[in-house]
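**Q** From the sequence below, what's the structure:
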Amino acid sequence: MPVYWYLAVATEVMASIVGSCFYRNIKQKFLFLYFFVLLGASTDIWNIVSIKFSSHSNLWVSHIYFPFEFLLLALFYRQHITTMIRQRWIIMLISILMTYAVINAIFIQSVNEYSHVRIFSSILLVLFSLIYFYKVMVEVKIRRLFADSLIWANVAVLFFYSTIFFYNLLSNLILDYSYELAKHILTFNGYMIVLFYIFITIAFGMEGRQQIKGKSVSLKRA
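**A** Presented below is the predicted three-dimensional model:
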């Protein structure tokens, strides 16, 4: 397996550890993102083990992982963009995509094929990310963008799922055009996963330290 895969799992585990260490301090903002990280880390570790010890295809995992990946991230955004978009619209989008994922796995694609659900879920996640940035610009509450933990998480989602969208949409065309180009794009996508989880680790650590610092200041004043 390529180096970037192990690096991706290492950064997933790192994000899981940092999130667990600061769980009490980050759960208000990042509860669903934390569960998303745990899901990703456990899924990728299981994938590595299954590839090493089994000759069977594990593409069926994508039909389970991608819908739940979207569910957790959509619930994360529901906490933070409800002033810009009504909760019922977010719940409706979640319901539509989850229903489509089930229909796709049963009637459209074989479970032994890589799920196409991520093409549609990536569009929605990029949309949620852009709505959050619009909210930040409209409300003008953040003086320094990258001093805010949510900005780090949102940038991670925007960059990663923009890349994922084009990768999933064009992967077959690129593979038909050039196998070498497809390999380079796959490698680039792999390192984007690494960067994605590094940004989330920063978000968890930043929020955890800020909350601890805030509590210490409150205790001193008391």
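
**Q** can you tell me which helix or strand the residue nearest the centre of the chain belongs to?
**A** Closest residue to the average C-alpha location of the chain: V157 at 5.8 Å, with Cα atoms, centre = their mean. Element membership for V157, per DSSP states H and E: helix 149-177.

**Q** Packing partners of that helix?
**A** Packing contacts for helix 149-177, counted by 3 or more Cβ pairs under 8 Å, 6 or more residues apart in numbering; DSSP states H and E, involve helix 23-53, helix 117-139, helix 179-221. In this view, the C-beta of every residue, glycine as well, is placed from N, C-alpha and C.

**Q** Compare the ones you listed and report which one is nearest to A8.
**A** helix 179-221 (4.3 Å; Cβ to Cβ).

**Q** pLDDT averaged over that closest one, what's the number?
**A** When pLDDT is averaged along helix 179-221, the result is 85.

**Q** Taking helix 149-177 as reference, get the angle to that helix.
**A** 170 degrees (axes from the mean of the first three to the mean of the last three Cα atoms, to 10 degrees).

**Q** Can you get me the start-to-end distance on stretch 101-117?
**A** 6 Å (Cα to Cα, to the nearest Å).

**Q** Tell me the buried residues in it?
**A** A101, N104, A105, Q109, Y114, S115, H116, V117 (16 or more other Cβ atoms under 10 Å).

**Q** check contacts around the closest residue to the third one other than its chain neighbours.
**A** What it means is A105. Leaving aside its chain neighbours, A105 sits nearest to H63 (4.3 Å; criterion: Cβ to Cβ, 6 or more residues apart in numbering). Residues near H63 by Cβ atoms under 8 Å, 6 or more residues apart in numbering: A101, N104, A105, Q109, V111, S115, V117.

**Q** just I94 next, same as before
**A** F70, L71, A74, L75.

**Q** so where's the chain shaky on pLDDT?
**A** 1, 172-176, 216-222 (pLDDT under 70).

**Q** can you rerun that using 80?
**A** 1, 54-57, 140-145, 170-183, 214-222 (pLDDT under 80).
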